[in-house]
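Trainee: need the 3D shape of this:
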Amino acid sequence: MPLSKLYVGPLAERIARIGDLFAINGEFLYGEELCNGHINTTYRACYRTEDGTEERYILQRINDYVFKDPVMVMKNVEKVTRHISWKVMRRRKNAAGQTLTLYPARGGRNYINLPEEGGMWRCYNNIEGTHTYNVVENTRQAYQAGFAFGSFQELISDMNPEDLRESIPDFHNTPKRYEALQAAVAADVMDRVKNCRAELDLLTEWAPMLSRLVDMQKNGELPTRITHNDTKINNVMLDADTDNAVCVIDLDTVMPGLSLYDFGDMVRTATCTASEDEEDLSKVVMQMPFFESLAEGYLDAAHEFLTDNEISQLAFSGWLITTEIGIRFLTDYLDGDKYFRTEKPEHNLIRARNQFALARSIHKAMPAMEKYIARLVKAYLKK
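Mentor: So this is what the prediction gives:
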């Protein structure tokens, strides 16, 4: 599927109608759909201002099947974007491009409920001169992804996690994700269990390791922080000319969690050049040079506030979150593909097999990953 579709006619009229409800200045010119997300519906609308320049805005519908309380999601997003803007203003005197900016809707709130248009909508600034990647192409991009999310965590590290609520309860609770899979296996509503016996047997073997981070958090060994919880490479806006990180986007899952969830998902998405839709599993391999750059970028930004226990589990978190995402894809496949957007038959099963192949590769490389992180930490201590 292309990354965008340009709309004219009735669909363009719909985009213009939604945009008219937000504080956007100018005459609507055109709209396009951004198609690289699994969850929300996203349009980009272009307007001509009074001085003849063109400005673009992001209009997005929150998926209320995934996010049961979209108002609460918006409150979380508002708190985090305000805090980051405040921090950047204090440090750099200019917050432009460092965080998403919400535009008020008619009535004064930063969102508007439109049942006739599918639910709740919001409007963001479009960060110009940037682009995203669905797959990391080189070590420089891996470094910038790590640095972007490490910086994001650092900027909100002084926020109280109790000030935010869970937009999706137990989002990265791996044991509960596994329980949900087992329930889907027992129900087998689509008669698909027969197609994934090998994957289910693999998870039975891995099951004892799935609760490590949750157990450490319960025991007070890992601190609860505010985290992004969806740290794919395509959630980092990179400068179109330099590939330097500019802004972290897609904040719907910002909520209390573990820093390791964020780093683990970065390992999953930034250390393998194959997409999560790749069916040739021989291409699904964790590449050590990408991991090294990712870890260096992340720790360059985050090492000062991370605890020793958090750092000790960085490599493991990559395996865990990759396995967890595979579990989620497999569960959705068994449930009838209700959560993730699919584009072909057995798409979620393909994704699950892909993630389990990557998890095997990460597990094999874990000793080398841990050794490299220890080397980085030793270098920071010498500074």
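Trainee: which phi and psi does Phe22 have?
Mentor: Recorded main-chain torsions at Phe22 are phi -120, psi 170, according to degrees, to the nearest 10.
Trainee: run a quick neighbour tally on it.
Mentor: Counted with other CB atoms under 10 Å, the neighbours of Phe22 add up to 21. In short, each C-beta sits where N, CA and C put it, glycine included.
Trainee: same thing with Asn235?
Mentor: That count, for Asn235 with other CB under 10 Å as the rule, works out to 23.
Trainee: who are the contact partners of it?
Mentor: Taking CB atoms under 8 Å, 6 or more residues apart in numbering as the criterion, Asn235 is in contact with 132, 228, 248-250.
Trainee: and the helix or strand containing Ala145, what does it pack onto?
Mentor: Assigned by DSSP states H and E, Ala145 belongs to helix 139-155. Contact partners of helix 139-155 among helices and strands, from 3 or more CB pairs under 8 Å, 6 or more residues apart in numbering; DSSP states H and E: helix 70-92, strand 236-239, strand 245-248, helix 259-270, helix 288-302.
Trainee: Asp230 belongs to a strand?
Mentor: No - counting by DSSP: H, G, I helix; E, B strand; the rest coil, Asp230 falls outside a strand, being coil.
Trainee: against Lys378, how distant is it?
Mentor: 31 Å (CB to CB, to the nearest Å).
Trainee: who's more crowded, these two?
Mentor: Asp230 (23 against 9).
Trainee: can you tell me the closest non-neighbouring residue to that one?
Mentor: Thr253 (4.7 Å; CB to CB, 6 or more residues apart in numbering).
Trainee: quick one: neighbours of the one you found, just the number.
Mentor: 23.
Trainee: can we start the residue count at 311 from this point?
Mentor: Done: numbering now begins at 311, and the last item shifts to Thr563.
Trainee: tell me which element it falls in.
Mentor: When the helices and strands are read off by DSSP H and E, none of them contains Thr563.
Trainee: in contact with it, which residues?
Mentor: Neighbours of Thr563 in contact, by CB under 8 Å, 6+ apart: 477-478, 481, 538-540.
Trainee: repeat that with 6 Å
Mentor: Shown in contact with Thr563 (CB atoms under 6 Å, 6 or more residues apart in numbering): 477, 539-540.
Trainee: so which of those comes closest to Arg371?
Mentor: Ser477 (15.4 Å; CB to CB).
Trainee: go ahead and confirm the closest one touches Met565.
Mentor: Yes - at 5.2 Å, Ser477 counts as touching Met565 under the criterion of CB atoms under 6 Å.
Trainee: can you show me the helices along the stretch 411-560 of the chain?
Mentor: In the stretch 411-560 of the chain, helices defined by DSSP state H, counting those that start in this stretch lie at 449-465, 484-497, 507-516, 522-528, listed in chain order.
Trainee: how about stretch 482-493: buried residues?
Mentor: 482-485, 487-488, 490-491 (16 or more other CB atoms under 10 Å).
Trainee: quick one: which of those is nearest to Leu624?
Mentor: For the buried residues of stretch 482-493, the nearest to Leu624 is His482 (15.1 Å; CB to CB).
Trainee: that closest one and Tyr571 touch, don't they?
Mentor: Yes - His482 is within contact range of Tyr571, at 4.4 Å (criterion: CB under 6 Å).
Trainee: centre-most residue in this structure?
Mentor: Among the residues of the chain, the one closest to the centroid is Asp540, at 2.2 Å (CA atoms, centre = their mean).
Trainee: what's the pLDDT at that one?
Mentor: The model reports Asp540 with a pLDDT of 91.
Trainee: the closest residue to Thr617 other than its chain neighbours: neighbouring residues, count only.
Mentor: Excluding its sequence neighbours, the residue lying closest to Thr617 (CB to CB, 6+ apart) is Pro533, at 6.4 Å. Around Pro533 there are 15 other residues, counting by other CB under 10 Å.
Trainee: pLDDT score assigned to Pro533?
Mentor: Per the predicted model, pLDDT is 97 at Pro533.
Trainee: please apply the same query to Asn350.
Mentor: Reading off the model, Asn350 has pLDDT 79.
Trainee: that one and Tyr434, how far apart?
Mentor: For Asn350, the distance to Tyr434 (CB to CB) stands at 11 Å.
Trainee: neighbour-wise, which of those two wins?
Mentor: Tyr434 (21 against 16).
Trainee: list the residues that contact the more buried one.
Mentor: Tyr434 touches 368, 410, counting by CB under 6 Å, 6+ apart.
Trainee: can you tell me how far it sits from Pro599?
Mentor: 34 Å.
Trainee: my guess is Tyr353 contacts Phe338. True?
Mentor: No - Tyr353 is not in contact with Phe338 according to CB under 6 Å; the separation is 11.4 Å.
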